[in-house]
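> A structural model of the following input is requested.
(one chain, ligands or ions: 1)
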Amino acid sequence: MTGSSASDSSCLIAKSKTNGTEMNGNTTRNTYTAIENNTYSYEVIKDIADYLLDRTTIRPLIGIICGSGLNSIADMITDTKVFEYEDIPNFPVSTVEGHVGRMIFGYLENMPVMAMQGRFHYYEGYPLAKCSMPVRVMKLVGVRYLMATNAAGGLNSKFKVGDIMLVRDHINIMGFAGNSPLQGPNDPRFGPRFPPMTNAYNAHLIKIAKQVAKDMGIENEIHEGVYTCLGGPNYETVAELRMLRTMGVDAVGMSTVHEVITARHCDLTVFAFSLITNKCATGYDSSEDEANHEEVVTVGRSRQAVCGELLCRVIREIAKECPNKAQVK
Ligand SMILES: O=P(O)(O)O[C@H]1O[C@H](CO)[C@@H](O)[C@H]1O
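Numbers count the residues shown, from 1 in each chain. Just a heads-up that it's a prediction; the model follows:
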C-alpha cells in the first residue's frame, strides 16, 4: 500500500487480518493482526516505510538513534523532513523525558540519513520486537548503517562522567531470560532464524571513531567496551552491578541491545556508543552515586555537541569511502 496517511492505520489492520504469511517454509496463519499480536509483520513495516518514502525524496543510507538527552545530534541534520511519531501509522509514541518522538530525514555530511529523536524501551510497556521495530523500518527505507547512541551508567572504574564508550560488544542479559526481539515466527525477508552476533559492532567503524576522537583531541575521553541492557525502569542494586562488573560489563543501560540484534538480523552495519552519564555505585556508602534520570538527561545535554561531532565525523569518513552514496541535494 502506498500513499497511506495517519488516518489509514485501520486499513493496515484490516489488511493484515486477511493475510496468511509464509514464514521459513511453514505457513503461519495470522488470525490476529500483527499489531494485536504485538509483532509487526513485514507488510505492516513495509507500509510504514512506504508512508515515509511517499512523503520525501530523501533516501537515507544511515539510520541514527538518539539516546536520552542526545536529541540535538539530530538537530545537526540539514534539509530536513520531520515526521512526528504520532502521525506515522502504527508507530509507537515516546513516553520518556529526553525522548521527543520525532523521525527526521535529511543530510549529515552530504549523506542521506534518518534519525530517531526518541527510542522505545521495554519498561515503557513495549515488547522488545516493538521497541526495535523502527530498525526494520529503516531497513525497508534503504538504510545500510545503524548508528545507535545511548546514555549509560559507567561500571568500568576508568570511565568518568562525560566519557564516551564505543560499544565493542554487548551482553544480552534479557536474552538469557528468554526475551528477544526476534522471538516468534521468523520472516526470512528480514533475515535468518539463527543470526550470528560474533561481529555485531563493526570493527572498522570503531577504528575510524578512535581516529576521529584523536583528531578531535578527545582520545582520553574515549573508551571501548561492553554494554548491557537491563529491563529497567529501576536502576541497579549494588549486588547487581557487582555481578555485572564480574561478567565483564563496562556500561549499563536499558536500550540498544535489542535494536542491534534486530539490525544485525537484517544485515545492517552497526556502530554504537554510550555516553557515560553517571558512575554506577558498587558500594553502599556512596549515596551521591545514586543514579537519577534528571542527571542522565542533564549530562546528555551537556555532551551532545561532542557526541554529535563524533558521529558527524564518522559519517564523513563513511562518505569518503563510498562517495557514490553521498548525495548532493
Ligand atoms: O538508553 P537511552 O535511551 O539513552 O536511555 C537511558 O537512560 C534512561 C535511564 O536514565 C534509560 O532509558 C536508559 O536506557
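
> closest approach to the ligand from the stretch 1-150 of the chain, which residue is it?
Here the stretch 1-150 of the chain gets closest to the ligand at one residue, Gly67, 2.8 Å apart by Cβ to the nearest ligand atom. Every residue, glycine included, has its C-beta placed from N, CA and C.

> find the nearest non-adjacent residue to that residue, please.
Spatial nearest neighbour of Gly67, chain neighbours left out: Asn150 (3.8 Å); criterion: Cβ to Cβ, 6 or more residues apart in numbering.

> enumerate the residues of the chain near the ligand.
67-68, 96, 119, 121, 150-151, 232, 253-255, 293, 296 (Cβ under 6 Å from any ligand atom).

> the helices in this protein, which residues?
Assigned by DSSP state H, the helices in the chain fall at 9-18, 42-53, 72-75, 128-131, 133-141, 173-176, 203-216, 238-247, 257-265, 293-321.

> format those helices as a markdown table; extra columns: mean pLDDT and mean neighbour count.
A markdown table is the format used below for these (pLDDT from 0 to 100; neighbours: other Cβ atoms under 10 Å):
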| stretch | mean pLDDT | mean neighbour count |
| --- | --- | --- |
| helix 9-18 | 30 | 15 |
| helix 42-53 | 97 | 21 |
| helix 72-75 | 92 | 20 |
| helix 128-131 | 96 | 23 |
| helix 133-141 | 98 | 26 |
| helix 173-176 | 96 | 16 |
| helix 203-216 | 98 | 16 |
| helix 238-247 | 97 | 15 |
| helix 257-265 | 98 | 27 |
| helix 293-321 | 95 | 18 |
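
> which one of those lies closest to Gly191?
Of all the helices of the chain, it is helix 257-265 that lies closest to Gly191, at 3.9 Å by Cβ to Cβ.

> give me the angle between the closest one and helix 133-141.
20 degrees (axes from the mean of the first three to the mean of the last three Cα atoms, to 10 degrees).

> that older thread, how far away is the residue of the stretch 1-150 of the chain closest to the ligand from Gln304?
9 Å (Cβ to Cβ, to the nearest Å).

> and what of Ala151?
With Cβ to Cβ as the criterion, Ala151 and Gln304 are 10 Å apart.

> now do the shared contacts for those two.
Residues touching both Ala151 and Gln304 (Cβ atoms under 8 Å, 6 or more residues apart in numbering) are 69-70.

> could you check how far the residue lying farthest from the centre of the chain is from Ile276?
Going by Cα atoms, centre = their mean, the residue of the chain most distant from its centre is Asp285, 34.5 Å out. Distance, Asp285 to Ile276, by Cβ to Cβ: 22 Å.
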